[in-house]
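Engineer: Starting from these lines, generate the structure:
(2 chains)
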Amino acid sequence: MADRPHRPAAPPQSSLSAADPATAAGWVDAPPRMGFFTDTSVCIGCKACEVACKEWNGVPTSGLDLLGMSYDNTGALTANSWRHVAFVEQPRPAGHGTASFAGNPTGDSASAASAARSAGTAKPTGTEPGVLAGEPQAAARTTEFLGMPAAGPPGRTGSAEGRSDFRWLMMSDVCKHCTRAGCLDVCPTGALFRTEFGTVVVQEDICNGCGYCVSACPYGVIDRRVDDGRVWKCTLCYDRIGAGLTPACAQACPTESIQYGPLDELRERAAERVATLRERGEPQARLYGHDPHDGVGGDGAFFLLLDEPEVYGLPPDPQVTTRDLPAMWRRAGLAALAMTAVAVGAFLGGRR
Amino acid sequence: MNADRPAVGDRFRRFRAGRRAGEELAVPPAEFTSYYGRPILKPPVWTWEIAAYLFTGGLAAGSSLLAAGGQLTGRAEVRRAGRVAALAAVTASAGLLVKDLGRPERFHHMLRVAKPTSPMSVGTWILTAYGPAAGLAAIAEVAPLLPTRGPLGLVRRALPPVGRVAGLAAALTAPALGTYTAVLLADTAVPSWHEAYADLPFVFAGSALASGAGVGLLAVPPAQAGPARRMALAGAGLELVGAHRVENRLGLLGEPYRTGRPGRLLRAGRTLTVAGVAGAVLGRRSRLVSAVSGAALLAASVATRFGVFHAGVASARDPKYTVVPQRARLDRRAAEPGG
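Structural biologist: Numbering: from 1, shown residues only, chains lettered A, B, ... in the order given. Down below sits the predicted model:
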């Protein structure tokens, strides 16, 4: 057993100030930190990752729910969807930053009314909160909706009037396996733990469904399954990578949009890819979650995006909530002192 | 049309709600982008049980402080009312907390670990220390009902000193019980809870004191209720100042505390608090007015706790509260020299 990674009986519980999270969690002889690099510039939105994940991990079906907003009918990462392919349709020039339709007549293709309708969800999805309905007002003011996708590209109306230029963005979202993981920090049972690969995994035999991790995740990833009562999320295929295999989603990805490997290698590869894309005239290409100095200490699963993070439903500047915990305890301590002082004063400071 | 559009990759699009003609907006229109208006965060899966627990936990804490004061200053009726209310409230708390779990039969898994980074774990251990102490103190109150002779006579003589020690132990842990719940809410990614972390403990401490004082006003003759009245006054002051800061110092993130259902609940809580304190002070000679004031303070605490709870849920449901403050933070950082 001496040659296998192991850890002492009582590892430190906090993931704060962790450069190498596995070592910080008490692992001895930990293997290199493993992760995902999801390059959205080559994602074709096929959802093979969603299917492969469900197949391998035995994740229950989410039911058929047509969200009516785009080719995305998964909607969000939930207890029953550990990979989620986001699909964004934008009425703006793709690629090289030159409007290929410039000068052509264009109509207003953005319908606030249909966008508002698309923010709803038709039926319960078996998870709580499951795929949430969006805010109709937020959808109306933020989406430029081109109508339901049809066989042909939208905007090609047959006449110049009403034609618009557009692009499609696709991104396979997943648990970020944060260096400083809020879910892990706040878990009161120890069900969430840091693996020797630096990933974050729920032990389903320990979780009692308190739901604290759900509120603590700055990305809205981890979720409670309604008929089961426990929380579920991506394990980065802990069983597969322990046996030297590639996680199911990366294995199934036909375009190598999802890449799996040691995080250091992935970061180098990602930096090169961004440089290449910018060189080729994609100035919007940027990495997300790659920076070890960001609010969560960097993600174990990071992304190459072609627009701002919030366009894909990602928070622009996530921070681990426990970063402020010492200050919170100090304020609570002050309030507790005030409480004691009031009680003492109430009984001493008066005649009756 | 294209001329009016933001440039390619522009961060923000127009917040169109601001178009209503002639209407002044208190908050400048927020401009942000989202994924089809869907929430980024998962709203808390906690239901009404947790909001109710915020109240019962605070009530237990306030009642134990009241009871200990009664115990140390020889006010037997204050002591008795406080101890009984504390036991009832902490029993309800435990029931509510277990009921809210996805797997209630696994509640004892909370006792596997003690984690300072998890306010829920800290709270579990606070309750584990406080609960038995509050329970013993309340049980000690049955001593006068026991027979004077025989084995039960021994119990009758042993109970009061045990109750005194237990009552003091409960009062020592009570302030922690009354304030840790603020950290429980603040230590999340829920925007309006997290950013309120500096003031929420004072809101909860004040609310706990006011509800404990409410028990005193309800159960004790006005002649003995002087300390409860003073506790109500000071507790209400803490709560109102704290709530005012939460609602007005957080910018956009204070909005959920002022609008919709949480806004109505918090306004109701404030009205009931003011009415309760006014009744307690002005009607100090009337048993009836004092009792009604006590009930108003208890109702105020319920309304305040549910208001704070639902404000957080509302802030997690709208992507605006996630994106806009984080964008502002990024812009501030970009504006810093060297950043």
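Engineer: which residues of the chain fall in helices?
Structural biologist: Went with chain A since none was named. Here chain A has its helices, by DSSP state H, at A:21-24, A:48-57, A:112-118, A:136-142, A:182-186, A:212-216, A:238-242, A:248-252, A:263-279, A:325-348.
Engineer: that answer is for a different chain, and I need it for chain B
Structural biologist: B:48-72, B:76-100, B:119-139, B:150-186, B:191-194, B:200-219, B:226-248, B:255-258, B:260-282, B:287-317, B:319-335.
Engineer: tell me the angle the fourth one makes with helix A:325-348.
Structural biologist: With axes from the mean of the first three to the mean of the last three CA atoms, to 10 degrees as the criterion, the two stretches helix B:150-186 and helix A:325-348 enclose an angle of 130 degrees.
Engineer: Can you name every helix or strand that helix B:150-186 contacts?
Structural biologist: helix A:325-348, helix B:48-72, helix B:76-100, helix B:119-139, helix B:191-194, helix B:200-219, helix B:287-317 (3 or more CB pairs under 8 Å, 6 or more residues apart in numbering or on different chains; DSSP states H and E). Quick note: C-beta positions are derived from backbone N, CA and C, even for glycine.
Engineer: Run through the stretch 1-150 of chain B and note the low-pLDDT ranges.
Structural biologist: For the stretch 1-150 of chain B, the stretches flagged by pLDDT under 70 are B:1-30.
Engineer: Same check on chain A?
Structural biologist: In chain A (pLDDT under 70), the answer is A:1-4, A:7-19, A:92-165, A:350-352.
Engineer: which residue does it bring closest to chain B?
Structural biologist: Ranked by CB to the nearest CB, the top residue of chain A for proximity to chain B is residue A:209, at 1.9 Å.
Engineer: what's the neighbour count on that residue?
Structural biologist: 23 (other CB atoms under 10 Å in any protein chain shown).
Engineer: contacting residues for it?
Structural biologist: Residue A:209 makes contact with A:224, A:229-231, B:101-103, B:106, according to CB atoms under 8 Å, 6 or more residues apart in numbering or on different chains.
Engineer: re the thing from before, please identify which of the helices of chain B is closest to residue A:308.
Structural biologist: With CB to CB as the measure, helix B:319-335 is the member of the helices of chain B nearest residue A:308 (8.8 Å).
Engineer: Packing partners of that closest one?
Structural biologist: Right, helix B:319-335 is packed against helix B:191-194 by 3+ CB pairs under 8 Å, 6+ apart.
Engineer: give me the number of residues near the residue nearest to residue B:247 when sequence neighbours are not counted?
Structural biologist: Nearest non-adjacent residue to residue B:247, counting by CB to CB, 6 or more residues apart in numbering or on different chains: residue B:257, 4.6 Å away. Residue B:257 has 25 neighbours, counted by other CB under 10 Å.
Engineer: ok, residue B:257 - contacts?
Structural biologist: Contacts for residue B:257 (CB under 8 Å, 6+ apart) come out as B:192, B:243, B:246-247, B:250, B:263, B:266, B:307-308, B:311.
Engineer: ok, now residue A:57?
Structural biologist: Contacts of residue A:57 (CB under 8 Å, 6+ apart): A:82, A:235, A:237, A:248.
Engineer: wait, residue B:261 sits on residue B:310?
Structural biologist: Yes - under the criterion of CB atoms under 8 Å, residue B:261 lies in contact with residue B:310, with a separation of 5.6 Å.
Engineer: hmm, back to that, what distance do you get for the residue of chain A closest to chain B to residue B:102?
Structural biologist: Distance of residue A:209 to residue B:102, computed by CB to CB, to the nearest Å: 2 Å.
Engineer: okay, and the common contacts of those two?
Structural biologist: By CB under 8 Å, 6+ apart, the residues touching both residue A:209 and residue B:102 are A:224, A:229-231.
Engineer: of these, list those near chain B.
Structural biologist: A:224, A:229-231 (CB under 8 Å from any CB of the partner chain).
Engineer: quick one: which of the residues you listed has the most company?
Structural biologist: Counting neighbours by other CB under 10 Å, residue A:231 comes out on top of those with 28 neighbours.
Engineer: Got the domain ranges for chain B?
Structural biologist: The record's domain parsing of chain B by automatic domain parsing lists B:45-187, B:188-339.
Engineer: Cool, thanks, talk later.
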